[in-house]
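Asks: turn this into a structure:
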Amino acid sequence: MKTLEGHTDSVIAVAFSPDGRLLASASYDETVILWDTRTGAAVKTLKVHRGSANHVAFSPDGKLLALASGDQAVKLWDVTTGPAIKALEGHTALVIAIIFSPDD
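Replies: Numbering: from 1, shown residues only. As a prediction, this is how the structure comes out:
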């Protein structure tokens, strides 16, 4: 068993990539950390621009990570390169959960 340490506030949600090689952890500290499940090492830290990281979900192919955040948006991240590639805005309150369609 491993303890993954790196967040500075409570972890709210976690998700495994479809191949099981990555674990994404979302935190009140406004970050998502991608972890290598074999080594326990932090691979990448994704910064939410405002608000907590409330929920995360990997796309079925594992290439995208969706982040539901306290800044009233859903952000899509490229898992390989790291930058946010799209923000889905228009919510009038914080977004607390997300899921990909299995045929996406």
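
Asks: hey, where'd the strands end up in the protein?
Replies: The residue ranges that make up the strands of the chain, judged by DSSP state E, are 11-16, 22-27, 31-36, 42-47, 53-58, 64-69, 73-78, 84-89.

Asks: compute the inter-axis angle for the least confident helix or strand in the chain by mean pLDDT and strand 64-69.
Replies: Among the secondary structure pieces of the chain, namely its helices and strands, strand 84-89 has the lowest mean (mean pLDDT, DSSP states H and E), a mean of 76. With axes from the mean of the first three to the mean of the last three C-alpha atoms, to 10 degrees as the criterion, the two stretches strand 84-89 and strand 64-69 enclose an angle of 40 degrees.

Asks: give the partner strands of strand 84-89 in its sheet and their orientations.
Replies: Strand partners for strand 84-89, identified by DSSP bridges, are recorded as strand 73-78 (antiparallel).

Asks: buried set for the partner strand?
Replies: Of all the residues in strand 73-78, those buried under the rule 16 or more other C-beta atoms under 10 Å are 73, 74, 75, 77. Using the backbone N, CA and C atoms, a C-beta is placed for each residue, glycine as well.

Asks: for those residues, give me a markdown table that also has distance to residue 15 and pLDDT.
Replies: Converted to a markdown table, these look like this (distance: C-beta to C-beta, whole Å; pLDDT from 0 to 100):
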| residue | distance to residue 15 | pLDDT |
| --- | --- | --- |
| 73 | 18 | 78 |
| 74 | 14 | 84 |
| 75 | 14 | 86 |
| 77 | 12 | 88 |
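
Asks: if we look at the sheet, which residues does the residue nearest the centre of the chain bridge to?
Replies: For the chain, the residue nearest the mean C-alpha position is residue 56 (4.0 Å; C-alpha atoms, centre = their mean). Here residue 56 sits in beta bridges with residue 67, as judged by DSSP bridges.
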